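J.: Build the 3D model from these lines:
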Amino acid sequence: MTTYIYARVSTDTQDSEAQAAFLTAKYIHDFVVEETFTGTTTDRPKLNSLVSKLLSGDTLIVRETSRLGRNSIEVLTFAQTMKDKGVSLVIDNLGVNISTPAGEMVLTVMAGAAKMERELMLERQRIGIAKAKADGKYTGRKALDPKLIATAKQLVEAGMAKKDVAAHLKMGLSTLYKYLEA
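T.: Residues are numbered from 1 along each chain as shown. Model (predicted):
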């Protein structure tokens with residue numbers, strides 16, 4: 001019976017150490033896994049590796065549901081996977097262990113509420129952008145410096161992996177692909 005703490009942030013400008021430190025101060029644990037990886041995909045390498053190691057009787061502790069997925073289906077699917085494996089999943093900010101019926105109910109309600117809040121936030125964002133466009137104030141994202149694009153193309157042509165080029169130039173991989181196609 002091993003207890004793991006999983007701390008994840010979405011960008012390199014964020015720090016998973018604060019999240020991990022908060023949880024390690026609060027819970028007795030055996031291992032801490034920290035990851036910087038976007039939450040917009042369920043393909044999170046360190047979490048996937050951790051899940052493959054989890055055994056029945058183990059415990060996984062996370063700070064909040066958003067560390068597990070961005071929508072209620074992802075979170076609930078993950079929770080069910082843990083339940084099926086016999087792993088206790090503790091979600092700190094909800095104060096619940098989802099291996100209990102009450103914990104599972106709280107998670108289900110909170111996952112739905114989180115999805116609703118995200119949808120409302122996106123709706124407010126769309127409304128704000130539409131108003132800014134109507135007022136002539138919205139210009140969209142600024143284009144990257146042509147010198148940066150030229151450097152990226154040179155590095156790729158020289159054989160550097162696109163993932164490494166994007167990291168080296170501090171840009172998203174999808175942004176790099178967009179400019180390479182242009």
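J.: Break the chain down into its domains, please.
T.: What the record gives for the chain is the domain set 3-113, 146-181, from automatic domain parsing.
J.: Quick check: residue 145 vs residue 123, distance?
T.: The span separating residue 145 from residue 123 equals 33 Å under the rule Cβ to Cβ, to the nearest Å. C-beta: built from backbone N, CA, C; applies to glycine.
J.: Do a quick rundown of the helices in the chain.
T.: Taking DSSP state H as the criterion, the chain contains helices spanning 16-26, 45-53, 72-85, 101-134, 146-157, 162-168, 173-181.
J.: got TSV for the domains of the chain, with distance to residue 133, mean pLDDT and mean neighbour count too?
T.: As requested, these are arranged in TSV below (distance: least, Cβ to Cβ, whole Å; pLDDT from 0 to 100; neighbours: other Cβ atoms under 10 Å):
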stretch	distance to residue 133	mean pLDDT	mean neighbour count
domain 3-113	25	87	16
domain 146-181	21	88	13
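J.: Rebuild the ones you listed as CSV, extending it with distance to residue 138.
T.: As requested, those are exported to CSV (distance: least, Cβ to Cβ, whole Å):
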stretch, distance to residue 138
domain 3-113, 23
domain 146-181, 19
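J.: quick revisit: out of the helices of the chain, which comes closest to residue 65?
T.: helix 72-85 (4.9 Å; Cβ to Cβ).
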